[in-house]
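Student: need the 3D shape of this:
(chains A and B)
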Amino acid sequence: MKKAWIHLLLIVGAIVMIIPFFWMISTSFKSYLESMQIPPTIFPEQLRLENYVSVFESANFLTYYANTIFVTVVRTAAQLFLCSMAAYAFARLEFPFKNTLFIFILSVLMVPIQVILIPNYALLSQFGWIDTFYALIIPGIFSAFGVFLLRQFFMGIPKELDEAAIIDGCSKWGVYWRVILPNAKPALVALGIFTVLASWNDFMWPLVMTNSADMRVLSVGIANFEGQYTTEYPLLMAAALMSTIPMLLMFLFLQKHLIAGIALGGVRR
Amino acid sequence: MARVTVNVDSAPTFKKKKWIKDGWWALLFIGPTLLGLFTFYIGPAIASFALSFTHWDGLTSPTFAGLENVIALFTSPVFMRSLLNTLVFMLVAVPASLAFATLIAVLLNQRIRGMIFYRALYFLPVVTMPIAVGMVWKWLYNTEFGLFNYLLGAVGLPQPEWLFNPSIALLSVIAVYVWMTIGNNVILILAGLQSVDPGYYEAAEIDGASKVRQFFSITLPLITPTLFFVIVTAMISSLQVFDLLFVMIGDTTALVGPLRTIVYGVYESGFMFSQMGYASAQAFILFLLILGITILQFVGQKKWVHYDG
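Tutor: Below is the predicted model:
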């Protein structure tokens, strides 16, 4: 009986969580006229795919996809590599100013992106990077959060493993590459998922750092799309759904890792 | 981030030679990250502080302006409104998200069927692109053809102009934000709940404490470290919401006033009106606000956060 109450409350909550997704999917199959019908139809009269076709015809959606995938893949790979290297040093090596440098890393966590946006814009235009992949990718591969997350995890890997490897003739690099990384897969997967999500959904940075249609990423692309077709909700919903489907799929497949990762890391960047 | 453990265990007796050898390795491992963080985060943060004291259009060289930007901001009704909006956003969104998330997490912490299914549902909005979230809700909120007003009308309830009534527009956006962030908080709190020793509840059962009593006397105090972490991070991110507001405002200038926050102001001044110095000053005020709130919470935690169970 008590369990029934719990389920009832959870189901009510779940409905609230799911309604927007339902409405997004339902609208994306409607014709423009059907979407403006009063009373609205809950399910589309028929499953029209026209909106999906129109999205690809009226915007460079394929370019946006390609840009987003490219930026996300490079950023994630580079970030995992750089963060894990730095985290290894903080977890295992002895060197001057170690604590000071670590506090420095932690302080970077507190700087909101809006504070650094304008100077970075100036800096990147000095470099001639505005409106190029360099601007979209390179600043995004350095992450204080990533270093912190991985360092916490690396500290938990038994030191005996390192020592055994060193006796076998491994260098510091060998220990990092052959001992730490293979043993830190859960943390790397978690950070990877966070980075993919942050990069895919990132909006303000690409909005400011790029201006040509060729360099646009999905988030900026659909926001721009919205400006052009403000009332054509079926089109907008199709675009919104498509831009987010890869992340929804990733979530469904990697759910377990993601939840473990959140318990591990705590924050999204 | 379970606990910030800054390592001070470096042994006092290490050999100097090893120290130098490790130093070179450390430079190799940390160098790239340090260089990147300096170039793209710390350097710009310092520059932003300096730019706050200038007038700059982004093209010609900046001219020194002293405190003019800051004075202009604090005498501008537009900025004061955006400051107020930012604070209202945080003060409504964070407690609401936290209260719902705690309730859901407690329910999900019972042994029930379909746990994974529920968890996935509640987490779905977290992985959805905020721009897409904003677009869907704008459509749900649509006064004429939106689902919400249709459902409300069908049962004879009043149909508010969600976004277009200036006195509730901000609340409407906050509701979306709460919806979007609940899942994240649920997972965090759930992780905290699962680390509570079940022995406490068994003892309480024997003493005849009710479920509600158990929640307030056992669960709540024991998860305060988790709650503290959730509150700190939730407050920081609620002060920085941009994409959601950007979509909700859209090209409807009428919505800018009721919805503009500091972050929106930074974007507007800097990249729409090319007033980089003025924008930097706003960004810096935001930074001080975040810093202040974070410090206040770290000071205040002694009053309510229990670290030993």
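Student: low-confidence ranges, chain A, go.
Tutor: Applying pLDDT under 70 to chain A flags residues A:1, A:259-269.
Student: what about the residue nearest in space to the middle of it, which SS state?
Tutor: Centroid-nearest residue in chain A: A:L197, 1.5 Å away (criterion: CA atoms, centre = their mean). Three-state call for A:L197 (DSSP: H, G, I helix; E, B strand; the rest coil): helix.
Student: does it touch B:V127 like I think?
Tutor: Yes - with contact defined as CB atoms under 8 Å, A:L197 counts as touching B:V127 (6.2 Å). Where C-beta positions appear, they are placed from N, C-alpha and C, glycine not excepted.
Student: who touches both of the two?
Tutor: Here A:L197 and B:V127 share the contacting residues A:M247, scored by CB atoms under 8 Å, 6 or more residues apart in numbering or on different chains.
Student: would you check how far apart A:N60 and A:V73 are?
Tutor: Distance of A:N60 to A:V73, given as CB to CB, to the nearest Å: 19 Å.
Student: centre of the chain versus stretch B:189-197, how much separation?
Tutor: Counting by CA atoms, centre = their mean, to the nearest Å, stretch B:189-197 is centred 22 Å from the centre of its parent chain.
Student: give the buried residues for that stretch.
Tutor: Neighbour-count burial for stretch B:189-197 flags B:189-193, B:196 (criterion: 16 or more other CB atoms under 10 Å in any protein chain shown).
Student: residues making contact with that stretch?
Tutor: A:262-263, B:101-102, B:105-106, B:108-109, B:119, B:218-219, B:222-223, B:225-227, B:230, B:309.
Student: what number of residues lie near the nearest residue to B:P32 once chain neighbours are set aside?
Tutor: Sequence neighbours aside, A:L82 is the residue nearest to B:P32 in space, at 5.5 Å (criterion: CB to CB, 6 or more residues apart in numbering or on different chains). By other CB atoms under 10 Å in any protein chain shown, 21 other residues sit near A:L82.
Student: mind checking if the one helix or strand B:V94 maps to is in reach of chain A?
Tutor: In the assignment (DSSP states H and E), B:V94 maps to helix B:77-108. Yes - counting by CB under 8 Å from any CB of the partner chain, contacts between helix B:77-108 and chain A involve B:100, B:103-104, B:107-108.
Student: tabulate those residues (CSV), appending neighbour count.
Tutor: Below are those laid out as CSV (neighbours: other CB atoms under 10 Å in any protein chain shown):
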residue, neighbour count
B:F100, 19
B:L103, 16
B:I104, 24
B:L107, 18
B:L108, 21
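Student: from these, pick the one nearest B:L171.
Tutor: B:F100 (15.2 Å; CB to CB).
Student: correct me if wrong: A:F154 contacts A:A89.
Tutor: No - A:F154 sits out of contact with A:A89 when judged by CB under 8 Å, with a separation of 9.7 Å.
Student: tell me which of the two has more neighbours.
Tutor: A:A89 (27 against 21).
Student: pretty sure the more buried one sits against B:W24.
Tutor: No - here A:A89 does not reach B:W24: they are 11.0 Å apart, not a contact under CB under 8 Å.
Student: all helices for the stretch 101-250 of chain A, in order.
Tutor: A:113-127, A:133-137, A:144-154, A:159-167, A:172-174, A:181-183, A:185-201, A:204-209, A:218-228, A:233-265 (DSSP state H, counting those that start in this stretch).
Student: so which helix or strand takes in B:W24?
Tutor: helix B:16-37.
Student: what residues sit buried inside that helix?
Tutor: So for helix B:16-37, counting by 16+ other CB under 10 Å, buried means B:22-23, B:25-26, B:29-30, B:32-34, B:36-37.
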